[in-house]
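Q: below: sequence and its predicted model.
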Amino acid sequence: MCSPTIALTVASVASAGIQYQAGKEQQKQAFRQQIRQNELAKKNAVARYASAQLKIRQELNKASQKDLQATLKARRARATYLAGVSDAGGLAISGSTNALLANYYRTEGKYRNALRNNMAINISQFERNLEAIQFGQESQSTYVTPPNPKLLFATQALNVANTYYSLQFQKQNAGLMTGDEKDAQIDSVIEPATSYDI
């Protein structure tokens with residue numbers, strides 16, 4: 001028959017082995033989940049980057065089209081006006097005509113300047129959006145902790161040792177002798193023979 005201490009220690013070793021395997025698998029699962037979370041965060045950021053870039057390209061294209069339309073409209077208006085002055089027989093442009101043409105150029109310049117200012121604001125907002133996307137990816141990402149089976153094994157080994165020594169301590173407190181104490185007592189009772197008489 002084996003002693004209760006040995007039986008409990010064997011049970012503790014078996015339990016530690018099962019806990020080690022379960023803990024190892026749990027660490028692997030957590031590691032895979034962390035990797036997946038970071039992949040999703042990156043995929044989300046890439047999609048948001050693409051969306052923001054498409055939007056700014058569309059805004060640039062729209063502003064470019066408005067600028068072209070405004071330029072063509074202003075040129076048509078000036079050409080129509082100059083053609084009317086020319087048909088009226090005036091070869092030289094008078095001061096009021098120059099003032100009217102300057103007004104066309106000024107209006108066109110103000111409009112183009114407003115377009116540029118709006119695009120500068122849009123580009124600035126686009127840059128802030130890219131920073132926000134990057135920050136969002138960082139906040140959605142998680143630290144990756146690779147599995148550490150050595151530490152897990154050491155923990156389980158210490159748990160087994162703790163169980164064994166706890167049982168030994170309980171036996172000692174109960175006034176029972178431990179295996180080492182029994183061996184020491186037996187050794188002290190039996191005196192080794194120093195010589196044999198024949």
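A: On my side now, so go ahead.

Q: average model confidence for whichever strand or helix holds Leu8?
A: Taking DSSP states H and E as the criterion, the element that holds Leu8 is helix 4-87. Averaging pLDDT along helix 4-87 gives 86.

Q: summarise which helices and strands it is packed against.
A: helix 95-140, helix 149-173 (3 or more Cβ pairs under 8 Å, 6 or more residues apart in numbering; DSSP states H and E). For glycine as for every other residue, the C-beta is placed from the backbone atoms N, C-alpha and C.

Q: any chance of a markdown table for these, columns mean neighbour count and distance to Gln33?
A: Below are those laid out as a markdown table (neighbours: other Cβ atoms under 10 Å; distance: least, Cβ to Cβ, whole Å):
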| stretch | mean neighbour count | distance to Gln33 |
| --- | --- | --- |
| helix 95-140 | 13 | 13 |
| helix 149-173 | 14 | 18 |
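
Q: Gly23: which of these is closest?
A: helix 149-173 (4.9 Å; Cβ to Cβ).

Q: and that closest one, how far out from the chain middle?
A: Put simply, helix 149-173 sits 39 Å off its chain's centre (Cα atoms, centre = their mean, to the nearest Å).

Q: and the residue most central in space within the chain, how close does it get to Ile35?
A: Central residue of the chain (Cα atoms, centre = their mean): Ser141, 1.9 Å from the mean position. Relative to Ile35, Ser141 is positioned 11 Å away (Cβ to Cβ, to the nearest Å).

Q: overlap in contacts of these two?
A: With contacts defined as Cβ atoms under 8 Å, 6 or more residues apart in numbering, no residue is shared by Ser141 and Ile35.

Q: with adjacent residues omitted, what lies nearest to Leu100?
A: Tyr81 (6.8 Å; Cβ to Cβ, 6 or more residues apart in numbering).

Q: next, the contact list for the one you found, please.
A: Thr97, Leu100, Leu101, Tyr104.

Q: pLDDT added to the residues you listed, as TSV?
A: TSV is the format used below for the contacts of Tyr81 (pLDDT from 0 to 100):
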residue	pLDDT
Thr97	72
Leu100	77
Leu101	77
Tyr104	81
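
Q: list just the nearest of the residues you listed to Ala74.
A: Nearest member of the contacts of Tyr81 to Ala74, counting by Cβ to Cβ, is Tyr104, at 5.7 Å.

Q: you'd agree that closest one is up against Arg76?
A: No: applying Cβ atoms under 8 Å as the test, Tyr104 and Arg76 come out as separate, 10.5 Å apart.

Q: between those two, what contacts are shared?
A: With Cβ under 8 Å, 6+ apart as the test, Tyr104 and Arg76 reach no residue in common.

Q: if we can go back for a sec, ok, now which ones touch the residue nearest to the centre of the chain?
A: Contacts of Ser141 were listed using Cβ under 8 Å, 6+ apart, and they are Gln37, Asn38, Ala41, Lys42.

Q: what number of residues lie near the last one?
A: A count of neighbours around Lys42, defined by other Cβ atoms under 10 Å, yields 13.
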